[in-house]
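Colleague: what would the 3D arrangement of this be:
(one chain, ligands or ions: 1)
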Amino acid sequence: MTVGSSARRLMAMIFPTVPAAWQADFETFQRQLARRIAVVAALAILILLPAFQFIDYVIYESQDDLHLHNALWRLPVSLAALGILFLRWKQPDGAWPRPLLLLMAFALMTMMVGIFANDKVFQGGPADYTSQGLIITIAAVSMAATRGLRDIPVIYGLPFLSLPFLLIHNGVALSSVTTHLVYPAAMLVVACIVVELIYHSNIRSFMANQQLKESAMTDPLTGLLNRRAMSKELTTAHARSLRHEVRYAIIMADLDRFKRVNDAHGHDVGDQVLVELGNRLTTSLRREDRVSRWGGEEFLMLVQDTDESASLEVAEKIRKAVEEAPFPTSAGPLPITLSLGLALNSERDTTETVIIRADKALYQAKQNGRNRVELAE
Ligand SMILES: Nc1nc2c(ncn2[C@@H]2O[C@H](COP(=O)(O)OP(=O)(O)OP(=O)(O)O)[C@@H](O)[C@H]2O)c(=O)[nH]1
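Modeller: This next block holds a predicted model:
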């Protein structure tokens, strides 16, 4: 292994990226994560901000300007939190979680920076208390950056850029503005690191989960759907067929005289034939159709939105794709053929009855000489 490839593997381990095929699932994962964080953060905000407002009154009783100022800074973030809880109730599966979470985080940082800038100059004001508040807020808001570093400018950019102006506006001397910026700037750097670590650990846990999910759904030899996953697909297709009044077809396919291949060339060569068959079946079907390894050398295919002549054409195309070119194996090219049974669903069917009819048609194809398609009655 070269130094370059080791470095690349190390970088991929530290900064994993999501493969294109999983992007849609990753979006869903991100949205669910953002929704959970948004709801918890909104509840925390709606409990903590009124509590802080009350504590301000108790500690700094006579400073009405301070209370009004703080209440105004606290209002937008409280509204954003209320908006999140409202949408969670009205549109639980909507696309709002990420944008609203970012908006609430931005409002929270703006609030904190505003209060921080004001308390720095307030006579007897709670400067230390807001410095600590700023640190805690930055740490808490880091959770809102569900896309890592790229969310930071959205959340922190404007509040931090406006901090020097707020300080000057509140009467801080130009010469001491930079002193007041040290704390927030240091926290910003820490936040960037934390956010990136959280983001990549999220990606890693998503990928681990996804790999588990995929391996529970696929046949390890051919990479096709396994029987369990295909059963789910059939249930969905059946419900869809009833709802939209469209038909689906099930094609049950079985290699002809496959035992002879195993006996003559060994199990490994037999496995190579199964893998090649999986590829040919997949490339013969449309994207919305499904192929599964139903049992040892038996494959079940689901053809969506179809009718008798179209599905017969598909089955014939598959048969030809297997027959027309020998299968490349380590024992050399082997001529292979496939028998297929085809059944279309009707209103009276369940998925099980369609499978039984496809199976019977397959049996008929074997009886009638193999390497052929039979349509179920
Ligand atoms: N290499 C390999 N062979 C398998 C696998 N699963 C099942 N088989 C073999 O598939 C063969 C099926 O044989 P049979 O049921 O007798 O059928 P056939 O020889 O294909 O004959 P017909 O179906 O009647 O045309 C058996 O030899 C099984 O061992 C597998 O995962 N790998």
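Colleague: per-domain residue ranges of this structure.
Modeller: When the chain is parsed into structural domains using automatic domain parsing, the resulting residue ranges are 22-215, 227-375.
Colleague: the ligand: which of the ones you listed is closest?
Modeller: Each of those has some distance to the ligand by Cβ to the nearest ligand atom; the shortest is domain 227-375, at 2.5 Å. In short, each C-beta sits where N, CA and C put it, glycine included.
Colleague: and the closest one, end to end?
Modeller: In terms of Cα to Cα, to the nearest Å, the two terminal residues of domain 227-375 are separated by 22 Å.
Colleague: pLDDT (mean, whole number) over that domain?
Modeller: Domain 227-375 shows a mean pLDDT of 96.
Colleague: adding distance to G4 and mean neighbour count, write the domains of the chain out as JSON lines.
Modeller: Below are the domains of the chain laid out as JSON lines (distance: least, Cβ to Cβ, whole Å; neighbours: other Cβ atoms under 10 Å):
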{"stretch": "domain 22-215", "distance to G4": "22", "mean neighbour count": "16"}
{"stretch": "domain 227-375", "distance to G4": "31", "mean neighbour count": "17"}
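Colleague: now distance to M11 too, for those domains, in CSV please.
Modeller: Below are the domains of the chain laid out as CSV (distance: least, Cβ to Cβ, whole Å):
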stretch, distance to M11
domain 22-215, 11
domain 227-375, 32
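Colleague: mind putting those into CSV with distance to the ligand?
Modeller: Formatted as CSV, the domains of the chain follow (distance: least, Cβ to the nearest ligand atom, whole Å):
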stretch, distance to the ligand
domain 22-215, 17
domain 227-375, 3
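Colleague: chain center to the helix ranked longest in the chain, what's the gap?
Modeller: Under DSSP state H, the helix in the chain containing the largest number of residues is helix 174-217. The offset between the C-alpha centroid of helix 174-217 and the centroid of the whole chain comes to 19 Å, using Cα atoms, centre = their mean, to the nearest Å.
Colleague: mean confidence for that helix?
Modeller: Helix 174-217 shows a mean pLDDT of 87 in the predicted model.
Colleague: tell me what that helix is packed against?
Modeller: With contacts defined as 3 or more Cβ pairs under 8 Å, 6 or more residues apart in numbering; DSSP states H and E, the packing partners of helix 174-217 are helix 23-59, helix 97-121, helix 127-141, helix 152, helix 158-169, helix 227-244.
Colleague: pick out the shakiest of those, pLDDT-wise.
Modeller: Comparing mean pLDDT across those, the lowest value falls on helix 127-141: a mean of 70.
Colleague: helix or strand right after that one?
Modeller: Counting by DSSP states H and E, the element after helix 127-141 in chain order, helix or strand, is helix 152.
Colleague: outside of that following helix, which residues touch it?
Modeller: Around helix 152, the neighbours that count as contacts under Cβ atoms under 8 Å, 6 or more residues apart in numbering are A145, L188, A191, C192, V195.
Colleague: ok, now with 6 Å
Modeller: Applying Cβ atoms under 6 Å, 6 or more residues apart in numbering, the external contacts of helix 152 come out as C192.
Colleague: quick one: distance of that helix to the chain centre.
Modeller: 22 Å.
Colleague: relative to its centroid, which residue of the protein is most remote?
Modeller: In the chain, counting by Cα atoms, centre = their mean, S62 sits farthest out from the average C-alpha position, at 52.2 Å.
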